[in-house]
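Trainee: coordinates only, sequence not included:
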Ligand code: SAH
């Protein structure tokens, strides 16, 4: 029998890889952020860090005329993006790569736009901002989403859950200060609407969990993970 932890990982990834995206966000929000990048050159060089299965990467391909390198450290997600890119005839525009964003291996000033949805925190926000600053060309843009505390006293379960995944999670002013401390000038920021969490992320997750509950109906350990 497998260890509970490896069982947890297997079920976690089976669920996660099946989702259209691995964090909150949607096309409208991506379009709103892209609209803030007013001087993006045609054919912009774009890097999507921590792209997951590439839901937002494909939106970026629709919303810009740029060429996109989409990087994630989880090879099965990159395989899935490869398949989607081939199916949609986007191979000229999107290059999915397995890589570690802490050391992505690009020379300085390689990109006009760095995009990252719900992923930069994995290498620490300060490391990520320093890295993005180096990789961007003069006049380039960084657009990212990051989870922040929005209430002084969140419910205990929420606090515990997020602290497990992101112990250094801050508040909006902390992130804005970090952005400025790394030499960026802030063009704009907004809060993702509830829909971007519920409709685009948690609802597919709930559907996925239900499917796996049927698949693993006889496996109590799997059911415990899903619960
Ligand atoms: N941007 C996607 C995925 C967000 S989940 C979306 O919004 O749907 C965060 C992603 O970061 C995961 O796919 C995870 O594999 C990736 N990740 C975590 N650490 C990483 C690292 N060091 N380098 C590259 N990707 C990383």
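Mentor: Nice, thanks for sending it over. Just so you know, these numbers come straight off a predicted model, no measurement behind them.
Trainee: What about residue 198, how many residues nearby?
Mentor: 13 (other Cβ atoms under 10 Å). Yep, even glycine has a C-beta here, placed from its N, CA and C like the rest.
Trainee: err, residue 72, not the other one
Mentor: 26.
Trainee: Isn't it up against residue 104?
Mentor: No: assessed by Cβ atoms under 8 Å, residue 72 is found out of contact with residue 104, at 10.9 Å.
Trainee: mind listing what's buried in the longest helix anywhere in the chain?
Mentor: Longest helix of the chain, by residue count under DSSP state H: helix 4-18. Neighbour-count burial for helix 4-18, counted by 16 or more other Cβ atoms under 10 Å, picks out 7, 11, 14-17.
Trainee: With respect to the ligand, which of those is nearest?
Mentor: Using Cβ to the nearest ligand atom, residue 16 is the member of the buried residues of helix 4-18 that lies nearest the ligand, at 7.8 Å.
Trainee: Would you mind confirming that the closest one is in contact with residue 23?
Mentor: No: taking Cβ under 8 Å as the definition, residue 16 is not a contact partner of residue 23, at 10.0 Å.
Trainee: follow-up on the earlier one: next structured bit after the longest helix of the chain?
Mentor: helix 27-36 (DSSP states H and E).
Trainee: immediately after that next one, which helix or strand?
Mentor: strand 45-49.
Trainee: Which other helices and strands does that following strand contact?
Mentor: If you count contacts as 3 or more Cβ pairs under 8 Å, 6 or more residues apart in numbering; DSSP states H and E, strand 45-49 packs onto helix 55-63, strand 67-72, strand 111-117, helix 125-135.
Trainee: Which one of these lies nearest to the ligand?
Mentor: Comparing those by their distance to the ligand (Cβ to the nearest ligand atom), the top pick is strand 111-117, with 3.6 Å.
Trainee: who does the closest one pair up with?
Mentor: Here strand 111-117 has these sheet partners by DSSP bridges: strand 45-49 (parallel), strand 136-145 (parallel).
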